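Pasting the sequence and the predicted model now:
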Amino acid sequence: MEALSTGISTEFRIGAPAIAFDFDGTLIDSGLDKGIHIMCAVWSAFKLNGLGHYLHEDDIRTDIDLMLTAYVKYPGAPRFQQLSALANSLIHHIPSSIDEDKLEVLPDEIRERYSQIKASFNHTYSRLNDTAAALYWKPFPLVHSTLRRLVGKHDLYIASGVTEDLLFEDLERHSFDRQLFRGIYGGNKSGGSDKAELLHTIQAKGYPDVLFVADSNRDLLYAQQAGARFFRIRKNRDFIRLAKSLEQGLPDEQETWSYTPEELDFFFRKTGTIIRMVLRKGDYKNYKKMTEIIHDSDSRH
Ligand SMILES: [Mg+2]
């Protein structure tokens, strides 16, 4: 991963603390969509690549249960790590990711086709994200004003798992002023980027303290690995809480959290509705309809 130039001088103010923001789910309100996209993309990749015998078409709930058990351990993780965890759960009922150099634990038919499954999953997942980003995802309402307020006393960065080409497109799409950031760091295309490394890169510029503002337990883990402080964004009002806490210095919130029963139910219902629709129509490419289902007002969380 490489820093892309933001056109800002690399000099920084001595003593100004650094704040690194995650992008998706933190600056952009993408709701629970990505979790649903991941599950639908994994399920489709199995179905479309001759692995339907691992699925339960007559009892979709079983498949969602297996995938969700894995997903809740990996929100905010690189996408291919999420893929391996969900695949492992569907195949072996073990909801843990598999390192790319340990794929021998997978059945031969899957290992032999793993790059094909990865490509198929990646395509569906990217198209679902692109569609939702264009139609539904917006910055939290307080994002732009909070960034403008913080930039006076802090050095701001972005440290995101999204690949840098997509990250820059999204910054453009949502009218972010790149000049507000001293560095904008994204993931690499292999999906192996690690936000802990990005935080290390920022620290290495000489900051005694870095605050990572992000939205998932996995992000908290990255902050801990990098020795950075952590602040969680979940709702728009958290930006008020962030600005207030920063008046007293850099906050550090170390509590982990889990999805609420309502959120788990939302994942379940929406993923189930999409997979049943896809099966009924035999159309695995109607990304617009799939994202529409998630955003049906009757059941938006
Ligand atoms: Mg995030």
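Nice, thanks for sending it over. Numbering: from 1, shown residues only.

Identify the residue spatially nearest to the residue in the stretch 51-200 of the chain positioned nearest to the ion, adjacent ones excluded.
At 4.9 Å from the ion, Gly76 is the closest residue in the stretch 51-200 of the chain, using C-beta to the ion. In this view, the C-beta of every residue, glycine as well, is placed from N, C-alpha and C. Here the nearest residue to Gly76 in space, its sequence neighbours aside, is Ser216; by C-beta to C-beta, 6 or more residues apart in numbering that works out to 3.1 Å.

Ok, Arg234 next?
Asp215 is the one closest to Arg234 (C-beta to C-beta, 6+ apart), at 6.5 Å.

and what of Tyr157?
Ala20 (4.2 Å).

The one you found belongs to a helix?
No. Counting by DSSP: H, G, I helix; E, B strand; the rest coil, Ala20 falls outside a helix, being strand.

Enumerate the residues of the chain near the ion.
Taking C-beta under 5 Å from the ion as the criterion, the chain approaches the ion at residues 22, 24-25, 76, 215.

most surrounded residue in the residues you listed?
Greatest neighbour count in the residues of the chain next to the ion, by other C-beta atoms under 10 Å, goes to Asp22: 26 neighbours.

still on that earlier bit, residues touching the residue nearest to Gly76, list them.
Going by C-beta atoms under 8 Å, 6 or more residues apart in numbering, Ser216 touches 22, 25, 75-76.

for the residue nearest to Arg234, what are its contacts?
Asp215 neighbours (C-beta under 8 Å, 6+ apart): 22, 25-26, 76, 232-234.

any residues touching stretch 234-243, and which ones?
Contacts for stretch 234-243 (C-beta under 8 Å, 6+ apart): 29, 140-143, 146, 149-150, 213, 215, 231-233, 251.

And stretch 85-92, by the same measure?
The contact list for stretch 85-92 (C-beta under 8 Å, 6+ apart) reads 38-39, 42, 46, 54-55, 63, 66-67, 69-71, 73-74, 77, 94-98, 105-107, 110, 117.

Tell me which two of the contacts of Ser216 sit farthest apart.
Largest separation among these by C-beta to C-beta: Asp22 and Pro75, giving 11.3 Å.
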